[in-house]
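Asks: okay, structure incoming, though there's no sequence with it:
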């Protein structure tokens with residue numbers, strides 16, 4: 001009988017599932033998704049954008065700037081003072097120098113604030129600035 005018990009225990013040990021390869025694969029997939037994910041900075045508010053028939057899709061938008069109906073400027077989920085706008089754009093642009101800026105201006109916002117945002121982007125050296133619209 002003792003021989004049978006020993007054989008049974010050895011058989012139990014052989015039947016265990018080795019989870020190490022599966023954990024390795026899951027860990028590698030996690031690293032892959034973290035490395036390949038593009039981190040987009042959100043503006044922080046919802047904006048009612050005007051419609052445009054000739055709208056083009058912007059693929060490499062790195063910085064989203066929203067202008068509310070009350071002419072408030074929002075970057076990265078925070079309201080930004082127009083005097084601090086240039087430094088905020090400069091900081092975000094240094095993280096992704098090849099990215100562009102997309103300005104989401106509300107229909108009720110004024111052109112003055114839109115021009116302030118565009119000038120700040122040009123002063124930082126961003127040449128690819130787009131204005132977000134809704135497709136009809």
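Replies: Ah, there it is. The structure presented is a predicted model; accordingly, all values stated were derived computationally and were not measured.
Asks: give the next helix or strand downstream of the lengthiest helix in the chain.
Replies: Using DSSP state H to define each element, the chain has its longest helix at helix 20-36. Later in the chain than helix 20-36, the nearest helix or strand by DSSP states H and E is strand 61-67.
Asks: packing partners for that following strand?
Replies: In terms of contacts (3 or more CB pairs under 8 Å, 6 or more residues apart in numbering; DSSP states H and E), strand 61-67 is packed against strand 73-75, helix 85-95, strand 100-105, helix 111-124. (C-beta placed from N, C-alpha, C; glycine too.)
Asks: among those, which is nearest residue 25?
Replies: helix 85-95 (30.9 Å; CB to CB).
Asks: now do the closest one: distance to the chain's middle.
Replies: 15 Å (CA atoms, centre = their mean, to the nearest Å).
Asks: may I see the buried residues of it?
Replies: 85-86, 88-89, 92-93 (16 or more other CB atoms under 10 Å).
Asks: could the helices and strands packed on strand 61-67 go into a markdown table alongside distance to residue 20?
Replies: Below are the helices and strands packed on strand 61-67 laid out as a markdown table (distance: least, CB to CB, whole Å):
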| stretch | distance to residue 20 |
| --- | --- |
| strand 73-75 | 45 |
| helix 85-95 | 37 |
| strand 100-105 | 44 |
| helix 111-124 | 49 |
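Asks: of all those, which lies closest to residue 37?
Replies: Per CB to CB, nearest to residue 37 of those: helix 85-95, 14.2 Å.
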